[in-house]
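Peer 1: A predicted structure for the sequence below; I have some questions about it.
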Amino acid sequence: MLANDFSVDPARRASKRTNFRGVAAEPAKSSGRAARLPLRRVASLYSRRVKFGPWIRLAEAPQRLEARPGVLQLRVERGLVRYPRGKSAMIRYVGGEDVRQLAAELAISHPGAPWLCRVSEGAGGDAAAAAVRLIAEFEERFGACPFIPGELDMA
């Protein structure tokens with residue numbers, strides 16, 4: 001019997017998950033996202049991942065950030081937002097030529113919001129395209145684009 005041939009033992013077949021092609025596979029040892037993806041997707045996921053700096057309060061961001069291109073990531077300070085396929089603290093990704101200006105506009109349009117933000121580090125290339133990619137990856141994982149939550153959206 002082959003390692004992944006579960007056709008002989010129905011009980012064993014039922015206890016195994018299938019991969020993206022419907023072929024039975026051993027369960028992953030890790031519970032992380034990378035463990036649930038085919039190997040070729042894992043390589044592309046990590047090669048495209050954007051690295052971010054430390055979290056700061058959105059209200060302080062216009063004074064603390066440099067005027068430079070990048071992606072601004074926003075999250076709620078406490079709690080999690082309910083999405084169709086899970087919960088996340090992330091509520092927004094926005095990219096542009098001046099992250100200080102983006103933070104200032106968000107702070108003005110949402111005064112007193114208990115949000116944290118951070119900025120991409122060394123994001124070579126188009127910041128707006130990087131933000132679009134992050135939003136698409138978020139939607140793929142959580143079943144919806146990140147959004148600014150209301151009280152009923154919080155977990």
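Peer 2: That came through, no problem. Numbering: from 1, shown residues only.

Peer 1: packing partners for the longest helix belonging to the chain?
Peer 2: In the chain, ranked by residue count with DSSP state H as the criterion, the top helix is helix 127-142. Helix 127-142 sits against strand 70-76, strand 86-88, strand 90-96, with contacts defined as 3 or more C-beta pairs under 8 Å, 6 or more residues apart in numbering; DSSP states H and E. Heads up, the C-betas are built off the backbone N, CA and C, glycines and all.

Peer 1: what lies in contact with that helix?
Peer 2: Contact with helix 127-142 is made by 33, 48, 50, 69-71, 73, 83-86, 88, 90, 93-97, 99, 120, 123, 145-146, as judged by C-beta atoms under 8 Å, 6 or more residues apart in numbering.

Peer 1: try it again at 10 Å.
Peer 2: With contact meaning C-beta atoms under 10 Å, 6 or more residues apart in numbering, helix 127-142 is reached by 33, 45, 48-50, 68-73, 81-88, 90, 92-99, 102, 119-120, 123-124, 126, 144-146.

Peer 1: sorry, back to before: looking at the helices and strands packed on helix 127-142, which is buried most?
Peer 2: Scoring the helices and strands packed on helix 127-142 by mean neighbour count under mean count of other C-beta atoms under 10 Å gives strand 70-76 as the most buried, with a mean of 23.

Peer 1: list the contacts of the closest residue to residue 126 other than its chain neighbours.
Peer 2: Nearest non-adjacent residue to residue 126, counting by C-beta to C-beta, 6 or more residues apart in numbering: residue 95, 7.6 Å away. Residues near residue 95 by C-beta under 10 Å, 6+ apart: 50, 69-73, 102, 120, 123, 126-135.
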